[in-house]
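Trainee: sequence plus predicted model, see below.
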Amino acid sequence: MVFSFDLLLEAVVFGILLGCFYAAVSIGLSVSFGLLDVPHIAHPAIMVFGSYCTFVLGRYGFDPIVAGVVLMPAFFVLGMGVYRFYYEAFERRGSDAGVRGIAFFFGLALIIEVGLILAFGVDQRSVEAAYIGKSLSIGEMRVPLRFLVAFGVALVLMTALTLYLSKTFTGRAIKAVAQDEAALRLMGANPVRIKQWAFGIATAVAALAGALLIIVGPVEPGLDRVYIGRTFSVVVLAGLGSMTGTLAAGLILGISESIVLMHFGASWAPAVSFGLLLIVLGIRPQGLFGR
Amino acid sequence: MKFWASAGLVFSLAVIAAAIVKNEYYFFAGYTVLMFVVLATAWNILGGYVGYVNFGTPAFFGLGAYTAAVLFKATAAPLALQILAAAAMSGLLGFAAGLLTLRLRGIFFAIATIALVVIIETLINNWRYAGGATGLQLLRPPPTAPFESYVKMLFVLMAALAVAAVAIARYIERSWIGRGLRAIRDSEEAAECSGVPTLRLKVFACTVSGALMGAGGATMPMYLSFIEPASTFNLNYAIGALASPMIGGTAGYLGPVIGAILLSTVQQVVTVTISSEMNVMVVGVLLVVFVVAAPEGILGLIRKWTRSSSR
Amino acid sequence: MKLHKLLLAAFSALAISFAAFAQQPIKVGMSMPQTGSLGAGGKAALVALQMWVEDVNAKGGLLGRKVEFIVYDDQTNPALTPAIYAKLLDIDKVDLLIAPYGTVPTAAIMPLVKQRNLLLMGNFSFQVNRTVKHDMWFNNSPWNTASSWFDGYFLAGQKLGAKTIAFLAADQEFAQNLATGAKELAKKGGLKTVYEQNYPPTTVDFSSMIRAIRAAKPDLVFVASYPNDSVAIVRAVNEIGVGESVQLFGGGMVGLQFTPNMESLGSLLNGIVNYNSYVPGIKYPGIEEFLARYSKKAVEAKVDPLGFYLPPYNYAIGQMLEQAVTATKSLDHKVLADYLRKNEMKTIVGPIRYGPDGEWANPRVLQAQFRGVVDKNMEQFRQPGKQVVLYPDQYKTGEVMAPFEKVRK
């Protein structure tokens, strides 16, 4: 175990970059699970599906970020369809749907995963871009450009989403439907359509997150399992429904993972996100900024 | 009485098959099917009877497997002892995990159980004696008489375990414990108000469920002569244990058995004829189809048909 | 009289047709990683094995019977191999077994073959028979103990006056076997270990570990890794930098011998000192003719067209089986194992004699340094010179250049 201030500083810097990336990856879940209460275990799987779509577009010469943005409308429609199906099959039928809703999304995640294996095989896939492979030298530190790029896009994405939810009419309607569905209905808005719209947005965001995922490192079909822990950790730590909380929680997760990685070794890193989750659930289940 | 007669019949069939059938591959496949019967029955005690969806099957199953493996490596203990030790360890985990997490509702409990899997797997990954991420090769002893083949012996043993698991589930279901669990499933608040000791019953269900899963996993190391964390703690076990009761029916002890036999057999056939990826797809598709279209499972469908045809 | 002749003719005809019916093919079975970390190497090895099956059938088969080759994909996953080999034995009913390429998939089936007393032809695994001690195991790879691997690297380091060493190893059977052996030898050689790290085989990001290595300022860095990690580590070294103190980097990185990886990493490989089994310029009997034939088939199959690392050694497995079966006229595993133990095998990778543990009695592992490699050029590797052989002396083509970071520029 090598300990030094320089190393710790590097771990923290890397952790901030990583954390912002985790926040971007989780923010879609903050909307679908945090605001809409949908047990969306398949969110990471849809994100990985987005990564593979980015990979395919990359073969045609698309830059990964451009590919991610291009995919967003298609994924928006996909998200609306998934929510509609979920609503008709489960939410309409009442409270028992909870158990089966979870099982449904798990089944969906599995189907996506196996579909990717059948289409692409189990091998790792990655994309190429001008900023992948190079790094920026800041003093003694060398910061890989791909993380800086992911960091930048993540910040833009989160700012855009937060502004949308607080400034626009539909955005505020989405927040309202999370707080008090009955009141919204009384005001004449259709909560189902709003929820559908919100789920669509969450899925579109997942597409861009998928592009960031394949920029940051190679992807393989089983990658969604690793991210279930990370995304739910972030969303629960943030507090259900808090967008700004997602950034803070992402940073906490990123920095803790980075420090554990540096000082205790890579074999302990997978447990960090879940350990954090269990601690939060045990001590303060409503998270940092929960409603 | 009817139950014990049929259970006895099933077990005798297994023994006769072991004596007559020559091709070992059937016993490999049969072992896996029976193992899922144990896992599905165990899962249903918490999932079906109480309504708490547990994704942590691999944690209990894997802990049982590793307990047996490490015990064998350290002391060359016989199978029976390995199974008991595995059940004890996983039961203990069920007890502790139950106390910590059964206060959480719905999806939070489910996510916490996934957390359990990753944490136990990480611990094993860092334990060199158990092989770490590399894994352990195990040389198994010759099979005990009158068995000539180790795999056949494991098959008969697993059949016995399956019968035991179903018997335990049936006992719980019919006793006052089962009534309490059903009360919790229907409305936890109402049960609390009527004086049902909800936490104690839930923890009990979690402990028994965990112990049975551990027993189900105990013979895995000897089956493969090799154990490593990635495949042992694979979430596919969680899905299989969950899908079988969802497909067969979660209300009683028979549903998980039917679901497990059906699902597992289809999976084995698909693996041999098509590919091992397709068999995972089969589980996913069947799970989604049944959860959406047939919430009561196969038993529920049968009940509906018999009711409508008797009019 | 005539009836007797008729009966005799009929009987002979029946006997001949029975004999023809009994000319069942000889089935050779294995699983080969065609996807997963070792997939690229496995696919190339498969082409070589298929070439051997064609060659032997063109000569009339083994013992007058056609050879049938049954192979499955184990995805480099040790969890899948026991079931696959059980299927090969109980459903496909194969006569001869070849191990999967690689230590990790093979480790899982060693207990199975020992328990069932089966001959297993090893395929580029490292020390996988160490604990099981199966006496019917014969490996095709040119190494035996860690010493055969580490000595060359260590000697090069010694010449540069190295005093400290860092170890980076995947937590899996191959890398751990190698790292354990190498650490013992390093200690015996007087080197001080300033950093050691085992990482889970699924790790994709090595930035933190490379940073930590840099902070420890070692003279030598010995890495034991599998193809996916090897590539990621080389890229991370390029991104983060490993520091000016490092003289040598590499040693036991699997995957830097696969042509697709060599082509895609290009100049990032320069300076790395790594092991290999064969580089162009080494004259084994028949190997150049084999490689020319292989190249054509590999291009058709869209796999590694150069095929230096694995294919000749897989063809050699076929040659060894052919030699043993033909000499003993038997498919009995015990008889074949006996023959393999006692006799010298003649193959396109030179003569092979086995020690009591089933490994080569005389190792032939090369340590070579990548030099002057340019990007996106596969043909450059056809000529000798891009991998300068440092060890052993009989194949040496140059002296080591250091420090590592300087050689890369």
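Mentor: Right, received. Where do you want to start? It should be emphasised that the depicted structure is a prediction, and the values quoted were computed from it without experimental measurement. Numbering: from 1, shown residues only, chains lettered A, B, ... in the order given.

Trainee: so who does C:Thr347 touch?
Mentor: C:Tyr315, C:Ala316, C:Gln319, C:Met320 (Cβ atoms under 8 Å, 6 or more residues apart in numbering or on different chains). (Glycine included, C-beta is placed from N, CA and C.)

Trainee: give me the number of residues near residue 42?
Mentor: By default, I'm working from chain A. 25 (other Cβ atoms under 10 Å in any protein chain shown).

Trainee: look at chain C instead
Mentor: Residues near C:Gly42, counting by other Cβ under 10 Å: 30.

Trainee: now do the contacts for the nearest residue to it once chain neighbours are set aside.
Mentor: Spatial nearest neighbour of C:Gly42, excluding adjacent residues (Cβ to Cβ, 6 or more residues apart in numbering or on different chains): C:Pro33 at 4.1 Å. Contact analysis of C:Pro33 by Cβ under 8 Å, 6+ apart lists C:Gly39, C:Gly41, C:Gly42, C:Asp73, C:Asp74, C:Gln75, C:Thr76, C:Pro100, C:Tyr101, C:Gly102, C:Pro105.

Trainee: name the helices or strands packed onto whichever strand or helix holds the second one?
Mentor: Per DSSP states H and E, C:Gly41 falls inside helix C:39-58. Using 3 or more Cβ pairs under 8 Å, 6 or more residues apart in numbering or on different chains; DSSP states H and E as the contact criterion, the neighbours of helix C:39-58 among helices and strands are strand C:26-32, strand C:67-73, helix C:287-301, helix C:311-328.

Trainee: of all the ones you listed, which one is nearest chain B?
Mentor: Chain B sits nearest to strand C:67-73 of all the helices and strands packed on helix C:39-58, at 8.9 Å, using Cβ to the nearest Cβ.

Trainee: so does the closest one get close to chain A?
Mentor: No - using Cβ under 8 Å from any Cβ of the partner chain, we find that strand C:67-73 stays clear of chain A, coming within 9.4 Å at best.

Trainee: can you give me the buried ones in that strand?
Mentor: Within strand C:67-73, the residues scored as buried using 16 or more other Cβ atoms under 10 Å in any protein chain shown are C:Val67, C:Glu68, C:Phe69, C:Val71, C:Tyr72, C:Asp73.

Trainee: what's the helix or strand where C:Thr106 lies packed up against?
Mentor: Here C:Thr106 sits within helix C:103-107, counting by DSSP H and E. If contacts are counted by 3+ Cβ pairs under 8 Å, 6+ apart, helix C:103-107 sits against helix C:173-188.

Trainee: report all helices and strands that the helix it packs on contacts.
Mentor: If contacts are counted by 3+ Cβ pairs under 8 Å, 6+ apart, helix C:173-188 sits against helix C:103-107, helix C:146-159, strand C:164-170, strand C:192-199, strand C:220-225, strand C:248-253.

Trainee: tabulate the ones you listed in JSON lines, adding columns for mean pLDDT.
Mentor: Conversion of these to JSON lines gives the following (pLDDT from 0 to 100):
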{"stretch": "helix C:103-107", "mean pLDDT": "91"}
{"stretch": "helix C:146-159", "mean pLDDT": "89"}
{"stretch": "strand C:164-170", "mean pLDDT": "95"}
{"stretch": "strand C:192-199", "mean pLDDT": "93"}
{"stretch": "strand C:220-225", "mean pLDDT": "96"}
{"stretch": "strand C:248-253", "mean pLDDT": "94"}
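
Trainee: need the ones you listed in a markdown table (columns: mean neighbour count).
Mentor: Shown next, in a markdown table, are the helices and strands packed on helix C:173-188 (neighbours: other Cβ atoms under 10 Å in any protein chain shown):
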| stretch | mean neighbour count |
| --- | --- |
| helix C:103-107 | 29 |
| helix C:146-159 | 21 |
| strand C:164-170 | 25 |
| strand C:192-199 | 18 |
| strand C:220-225 | 29 |
| strand C:248-253 | 28 |
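
Trainee: could you dump the ones you listed to TSV with distance to B:Ala87?
Mentor: Formatted as TSV, these follow (distance: least, Cβ to Cβ, whole Å):
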stretch	distance to B:Ala87
helix C:103-107	29
helix C:146-159	41
strand C:164-170	34
strand C:192-199	32
strand C:220-225	38
strand C:248-253	42
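
Trainee: what's the closest of these to C:Asn343?
Mentor: Judged by Cβ to Cβ, the one of those that comes nearest to C:Asn343 is helix C:146-159, at 21.9 Å.

Trainee: quick one: distance of that closest one to the chain centre.
Mentor: 20 Å (Cα atoms, centre = their mean, to the nearest Å).

Trainee: pull the contacting residues for B:Asn23.
Mentor: By Cβ under 8 Å, 6+ apart, the contact list for B:Asn23 reads C:Asp90, C:Ile91.

Trainee: go with 7 Å
Mentor: C:Asp90 (Cβ atoms under 7 Å, 6 or more residues apart in numbering or on different chains).

Trainee: now it: phi and psi?
Mentor: phi -70, psi 120 (degrees, to the nearest 10).

Trainee: measure the residue in the stretch 251-400 of chain C that chain A sits nearest to to A:Phe147 for me?
Mentor: Per Cβ to the nearest Cβ, C:Leu268 is where the stretch 251-400 of chain C lies closest to chain A, at 8.5 Å. According to Cβ to Cβ, to the nearest Å, C:Leu268 and A:Phe147 sit 19 Å apart.

Trainee: so which of these two has more stuff around it?
Mentor: A:Phe147 (26 against 19).

Trainee: what's around the spatially closest residue to that one that is not a sequence neighbour, how many residues?
Mentor: Nearest non-adjacent residue to A:Phe147, counting by Cβ to Cβ, 6+ apart: A:Leu17, 4.3 Å away. Using other Cβ under 10 Å, A:Leu17 is surrounded by 23 other residues.

Trainee: what's the average pLDDT for the helix or strand harbouring A:Leu17?
Mentor: Element membership for A:Leu17, per DSSP H and E: helix A:5-29. Averaging pLDDT along helix A:5-29 yields 89.

Trainee: show me what contacts the most centrally placed residue in chain C?
Mentor: Chain C has C:Phe124 as the residue nearest its centroid, 2.8 Å off, counting by Cα atoms, centre = their mean. By Cβ under 7 Å, 6+ apart, the contact set of C:Phe124 is C:Tyr101, C:Gly102, C:Asn140, C:Ser141, C:Leu310, C:Tyr313.

Trainee: ok, the second one touching C:Phe126?
Mentor: No - under the criterion of Cβ atoms under 7 Å, C:Gly102 makes no contact with C:Phe126, lying 9.1 Å away.

Trainee: first to last residue in stretch C:117-124, what's the distance?
Mentor: This stretch, stretch C:117-124, spans 21 Å end to end (Cα to Cα, to the nearest Å).

Trainee: which positions in it come out as buried?
Mentor: C:Leu118, C:Leu119, C:Leu120, C:Met121, C:Gly122, C:Asn123, C:Phe124.

Trainee: next: stretch B:176-189.
Mentor: Across stretch B:176-189, burial judged by 16+ other Cβ under 10 Å covers B:Ile177, B:Gly178, B:Gly180, B:Leu181, B:Arg182, B:Ala183, B:Ile184, B:Arg185, B:Glu188.

Trainee: do stretch B:103-111 as well
Mentor: Buried, per 16+ other Cβ under 10 Å, within stretch B:103-111: B:Leu104, B:Gly106, B:Ile107, B:Phe108, B:Phe109, B:Ala110, B:Ile111.

Trainee: just stretch B:255-272 next, same as before
Mentor: The neighbour-count check on stretch B:255-272 (16+ other Cβ under 10 Å) flags B:255-264, B:267-268, B:270-271 as buried.

Trainee: then that stretch to CSV, C-alphas only?
Mentor: Provided in CSV are the C-alpha atoms of stretch B:255-272 (Å, rounded to 0.1, in the frame of the first residue of the first chain):
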residue,chain,number,x,y,z
GLY,B,255,-45.7,-24.1,-8.0
PRO,B,256,-41.9,-23.7,-7.6
VAL,B,257,-41.5,-27.5,-8.3
ILE,B,258,-43.4,-27.4,-11.5
GLY,B,259,-41.8,-24.1,-12.6
ALA,B,260,-38.3,-25.3,-11.8
ILE,B,261,-38.7,-28.7,-13.6
LEU,B,262,-40.2,-27.0,-16.6
LEU,B,263,-37.8,-24.1,-16.9
SER,B,264,-34.7,-26.0,-16.0
THR,B,265,-35.4,-28.9,-18.4
VAL,B,266,-36.1,-26.5,-21.3
GLN,B,267,-32.8,-24.7,-20.5
GLN,B,268,-30.8,-28.0,-20.5
VAL,B,269,-32.3,-29.0,-23.8
VAL,B,270,-31.6,-25.6,-25.4
THR,B,271,-28.1,-25.6,-24.1
VAL,B,272,-27.3,-29.0,-25.7
